[in-house]
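Colleague: the amino acid sequence is not available; the structure is as follows:
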C-alpha cells in the first residue's frame, strides 16, 4: 500500500521533470525579462528524473507535462491578446481625438472596389431591393 502512494506522488514529479527539460532553453529569457519574479513564473528548483515501474505512469507524466505546457501557453497568449486589444483601442481613440477620423466606419480599398464594381455592373445593393419594393407597392395602390 505504501508502494502505491509513492508511485502516485512520483508521476507528477516526473511530469514536472519533462516540462523542465522541454523549457530549459527559456530560463535565460524569462530571467532577463522578469528578474527577481522569475521563480514565480518558472521552476524554483530542478526536478530529477524518476524511474517509473509501469508504462502507464510514463504516459500519465507525458500527458501531465503536455497539459501544463498548453495551459501556460493559453495564459501567456491571453495576456498578449489583451495587450494587443488595448493598444488597438488606444490607437483608435487617439486617432479620433487627434484627426477626428473614425477608423471603425472607414471603408477599406477592397470595399470601395467592390462597391464600384457593383455600381458599374448595374447590380443592386441589399438596401436597393427594399426601396424598389416600396415604390412598386405605392404605385400599385394608386
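Modeller: Yep, that arrived. None of the values given here were measured: they were computed from a predicted structure.

Colleague: three-state assignment of residue 50?
Modeller: coil (DSSP: H, G, I helix; E, B strand; the rest coil).

Colleague: quick check, it in contact with residue 17.
Modeller: Yes: counting by Cβ atoms under 8 Å, residue 17 is a contact partner of residue 50 at 7.1 Å. C-beta: built from backbone N, CA, C; applies to glycine.

Colleague: the protein: strands as residue ranges?
Modeller: Counting by DSSP state E, the chain has no strands to list.

Colleague: by mean pLDDT, which helix or strand of this structure comes out lowest?
Modeller: helix 126-141 (a mean of 56; mean pLDDT, DSSP states H and E).

Colleague: got any ranges where the protein has weak pLDDT?
Modeller: Flagging of the chain using pLDDT under 70 yields the residue ranges 1-12, 41-47, 122-142.

Colleague: just want the most central residue of it.
Modeller: For the chain, residue 77 is the residue whose C-alpha lies nearest the centre (Cα atoms, centre = their mean; 4.8 Å).

Colleague: for that residue, give its distance to residue 26.
Modeller: Separation of residue 77 from residue 26 (Cβ to Cβ, to the nearest Å): 15 Å.

Colleague: could you do residue 99 as well?
Modeller: According to Cβ to Cβ, residue 99 stands 41 Å off from residue 26.

Colleague: what about residue 58, neighbour count?
Modeller: Residues within reach of residue 58, counting by other Cβ atoms under 10 Å, total 15.

Colleague: let me see the contact set for the nearest residue to residue 49 once chain neighbours are set aside.
Modeller: Nearest non-adjacent residue to residue 49, counting by Cβ to Cβ, 6 or more residues apart in numbering: residue 17, 5.0 Å away. With contact set as Cβ atoms under 8 Å, 6 or more residues apart in numbering, residue 17 has these partners: 47-50, 61.

Colleague: top of the residues you listed by neighbour count?
Modeller: Using other Cβ under 10 Å as the neighbour test, the contacts of residue 17 are led by residue 61, with 23 neighbours.

Colleague: you'd agree that one is up against residue 19?
Modeller: No: counting by Cβ under 8 Å, residue 61 sits too far from residue 19 to count as a contact (9.4 Å).
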